[in-house]
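Chemist: From the sequence below, what's the structure:
(2 chains)
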Amino acid sequence: MENQTPIVEIKHVNKSYRRGTHIIPVLENITLDIAEGEFLALMGPSGSGKSTLLNLIAALDQVDNGIIRVGGIDITVLSETELAAWRSVNVGFIFQFYNLIPVLTAFENVELPLLLTGLSRRERHEHVELALQVVNLASRMDHYPGQLSGGEQQRVAIARAIVTDPTILVADEPTGDLDRVSAEEILGLMDQLNRDSHKTIIMVTHDPRAAKKAHTIRYLDKGVLNNVHSQAAP
Amino acid sequence: MYILKLLLRNAFRHKLRTALTILSITIAILAFGLLRTFIGAWYAGVKASSANRLITRNAISLIFPLPLSYKDKIRQIDAVRRISYGNWFAGIYKDEKNFFANYAIEAKNYMALYPEFVLPPDQKEAFLRDRKGCVAGRKLVERYHWRIGDIVVLKSAVFPGNWEFVLRGIYHGRDESTDERVFFFHWDYLNEALKKTAPRRADQVGWYIVEVTDPNRAAEVAQAIDKTFKNSLAETLTETEKAFFLSFISMADAIIVAIQLVSFVVIIIIIAVAANTMAMTARERIGEYAIFKTLGFRGWRIAGMIIGESLLITMIGCLIGIALTPPAAKEFSKIVGTYFPTFRVEIETIYIDIGASILVGLCAAIIPTWRALKIRIADGLRRIG
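Modeler: The predicted structure follows:
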């Protein structure tokens, strides 16, 4: 892994939040490279800054200082509009609570990111069907999120995340709201995406079983990135 | 298509709330439409007025008459084509609640002066021939089920006694704004009776109607008429028919202004109702807007979704309200028809309804849109779960 080109480069990143008159440091001098095709797990106690770091990598939040490059692009200098366009192409998101739009069917939820591309309706439909086949949900494409189980909803979310073929996949506690069986399915699916499609995955998790699927585990504690723990790919 | 589908589904996500909002907007648009129609009905006489007709009345007040002898003097003024005259009769048919306008007129010229009162030639001839004859508008005749040849008896407070008339003609309006509830009879009939019963009131007219050859010379003719009778016992005030009606309406200016204010208050109320719905909606969906932003949707697309949903809800309410206004106005006209001969929903009212609804939809979406655009993605996502 160390010899591969980093797809994500994080250099001396600091991030703090203001609460009233208090400034609360969340991340301190974070430096991290993530290689292309890597499956990285970020672990740490609550409030350690894992999700904040993930949000910064995915351009959902902005650094106080430091540099984050993804695919060679310094995303810290992009405007809000440029970041929106960049995210739509480069990042696939998987959240703990799936974050599907309840009034849209599974098919329509997966189609959502493709509306921002120049694809024709027919092309969009082909992509959506393929993504739903990858997550093995083609048969339930006309169901609304409320008609699907938690595991199925998360699979729809994964299909939505991969449908644009993004550079990186970011997952924030993807199994946090699932039972054990569904969690295993989701982790298996992510592992498959990493192994077969060489997707770079950055996952925040509390769950040691989930972290085991990753190639590398990094621990955050009180905003500081600690040791590297590499593990053999299963 | 996708976005329209999303708008529709979002709009009806909370069916009861949306239905109640639409109902509120419908009622408000209906009320607004009826109030505007009411104001329009007030101005119906002004709309129906002709630019080449002048009204000459006593300068002190309309209740004071003018001598019949003025007729020939006015007729001699340059640019006067035709002249007629009339008296307000204040007749009551059977009961005081049966109110309708009734005038004693010099019929021959009056008919020529008012081509908008269309009378079949044979009926016109019969009316002109019969001194006790009268003519009534189509709606008035329908209301009292009169037929040609019927004897109509009016009791007048101004000219005491029971007055018998024979219905000789039924006119209909040439224009939609023409009043079809007026009753006319011969001024001569009234005057002859007055000569016998109240000679001091004979040979007096309430007002003259003067037709000018060129509407552009109306002001000049009006001045000439008033100058002719300057310093006489009955000085005149001559004005265009439109100004004459407006002077009537100005007496009720405060009421009309109040009604106009109420109609705009109604709009403000529906803005508040729709804004409340949209504010609740946006607050509930702030997490979803964060998801859209996460996926790369830009501010204008999210704003479009909120504004679109707001407009969709208000326009549904507006269209139902517009559809209900004409039948409601028809029912309303049954109650106030005696006082407002034309109670019709004008096309301008519908345009104002649509314009007001668009304004309401846009105003209601301002704060929710601003909130949705301002929310940081990370903060928005934190609200989910």
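Chemist: Next up, the contacts around residue 117.
Modeler: You didn't say which chain, so I picked chain A. Each residue near residue A:117 by CB atoms under 8 Å, 6 or more residues apart in numbering or on different chains is listed here: A:88, A:124, A:164. C-betas here are computed from N, CA, C, even on glycine.
Chemist: You answered for a different chain; I wanted chain B.
Modeler: B:111, B:135, B:137, B:171, B:173-174, B:178, B:182.
Chemist: picking up where we left off before, pick the one among the contacts of residue A:117 closest to chain B.
Modeler: Proximity of these to chain B (CB to the nearest CB) peaks at residue A:88, which lies at 2.5 Å.
Chemist: Tell me the residues on chain B that lie near chain A, please.
Modeler: Proximity of chain B to chain A (CB under 8 Å from any CB of the partner chain) is limited to residues B:2, B:5-6, B:9-10, B:13, B:287-288, B:291-299, B:376-378, B:381, B:384-385.
Chemist: and the residue in the stretch 51-200 of chain B that chain A sits nearest to, how many neighbours does it have?
Modeler: The minimum distance from the stretch 51-200 of chain B to chain A, using CB to the nearest CB, falls at residue B:176 (46.7 Å). A count of nearby residues for residue B:176, using other CB atoms under 10 Å in any protein chain shown, gives 11.
Chemist: Report pLDDT for it.
Modeler: Looking at residue B:176, its pLDDT reads 78.
Chemist: SS state for it?
Modeler: coil (DSSP: H, G, I helix; E, B strand; the rest coil).
Chemist: how about the nearest residue to residue B:307 once chain neighbours are set aside, what does it touch?
Modeler: The shortest distance from residue B:307 to any non-neighbouring residue, by CB to CB, 6 or more residues apart in numbering or on different chains, is to residue B:365 (4.4 Å). Contacts for residue B:365 (CB under 8 Å, 6+ apart) come out as B:278, B:303, B:306-307, B:309-311.
Chemist: In terms of helices and strands, where is residue B:365?
Modeler: Using DSSP states H and E, residue B:365 maps to helix B:347-374.
Chemist: that older thread, closest to residue B:143 among the contacts of residue A:117?
Modeler: Minimum distance to residue B:143 across the contacts of residue A:117 is 65.1 Å, recorded for residue A:124 (CB to CB).
Chemist: need the contact list for residue A:9.
Modeler: Neighbouring residues of residue A:9 by CB under 8 Å, 6+ apart: A:33, A:67-70.
Chemist: contacts for stretch A:51-58?
Modeler: Contact with stretch A:51-58 is made by A:8, A:10, A:13, A:15, A:26-27, A:30, A:42, A:61-63, A:68, A:70, A:87, A:91, A:93, A:168, A:170, A:172, A:202, A:204, A:220, B:294, B:377-378, as judged by CB under 8 Å, 6+ apart.
Chemist: can we see that at 6 Å?
Modeler: A:8, A:15, A:26-27, A:61, A:63, A:91, A:170, A:172, A:204, B:378 (CB atoms under 6 Å, 6 or more residues apart in numbering or on different chains).
Chemist: what's the answer for stretch B:192-209, then?
Modeler: Taking CB under 6 Å, 6+ apart as the rule, stretch B:192-209 contacts B:53, B:55-57, B:65-66, B:68, B:83-88, B:113, B:191.
Chemist: Narrow these to those in strands?
Modeler: Of these, the ones assigned to strands by DSSP state E are B:53, B:55-57, B:66, B:83-88.
Chemist: Just put those residues in JSON lines and tack on neighbour count.
Modeler: As requested, those are arranged in JSON lines below (neighbours: other CB atoms under 10 Å in any protein chain shown):
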{"residue": "B:53", "neighbour count": "20"}
{"residue": "B:55", "neighbour count": "22"}
{"residue": "B:56", "neighbour count": "27"}
{"residue": "B:57", "neighbour count": "22"}
{"residue": "B:66", "neighbour count": "24"}
{"residue": "B:83", "neighbour count": "23"}
{"residue": "B:84", "neighbour count": "23"}
{"residue": "B:85", "neighbour count": "24"}
{"residue": "B:86", "neighbour count": "19"}
{"residue": "B:87", "neighbour count": "22"}
{"residue": "B:88", "neighbour count": "15"}
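Chemist: And what about the residue nearest in space to the middle of chain A, helix, strand or coil?
Modeler: In chain A, the residue lying closest to the centroid (CA atoms, centre = their mean) is residue A:170, at 1.0 Å. Recorded secondary structure, residue A:170: strand (three-state DSSP).
Chemist: Check which residues of the helix or strand bottoming out on mean pLDDT in chain B are buried.
Modeler: Within chain B, no helix or strand scores below helix B:44-48, which has a mean of 75 by mean pLDDT, DSSP states H and E. Buried residues in helix B:44-48, counted by 16 or more other CB atoms under 10 Å in any protein chain shown: B:44-46, B:48.
Chemist: per-residue pLDDT, residue 32?
Modeler: Going with chain A. 93.
Chemist: You answered for a different chain; I wanted chain B.
Modeler: Listed pLDDT for residue B:32 reads 92.
Chemist: what sits against it?
Modeler: Residues in contact with residue B:32 (CB under 6 Å, 6+ apart) are B:263, B:266.
Chemist: Could you confirm it falls within a helix?
Modeler: Yes: Residue B:32 forms part of a helix when assessed by three-state DSSP.
Chemist: between the contacts of residue B:117, which is closest to residue B:327?
Modeler: For those, the nearest to residue B:327 is residue B:173 (21.6 Å; CB to CB).
Chemist: For chain A, which residues are neighbours of chain B?
Modeler: Within chain A, the positions lying close to chain B (CB under 6 Å from any CB of the partner chain) are A:55, A:60-61, A:84, A:87-88, A:93, A:97, A:99, A:103, A:113, A:116.
Chemist: In these, which residue is surrounded by the most others?
Modeler: residue A:113 (29 neighbours).
Chemist: From the contacts of residue A:9, list just the buried residues.
Modeler: A:33, A:68-70.
Chemist: Please flag which of those sit within strands.
Modeler: Short answer: the buried ones among the contacts of residue A:9 in strands (DSSP E) are A:33, A:68-70.
Chemist: on that earlier part again, restricted to strands, list the residues of chain A next to chain B.
Modeler: Per DSSP E, the residues of chain A next to chain B map to strands at residue A:93.
Chemist: quick one: which two of the residues of chain A next to chain B are the most distant?
Modeler: Most distant of the residues of chain A next to chain B, by CB to CB, are A:61 and A:103, 27.4 Å apart.
Chemist: Surely residue A:202 and residue A:170 touch.
Modeler: Yes: checked against CB atoms under 6 Å, the pair residue A:202 and residue A:170 is within contact range at 5.1 Å.
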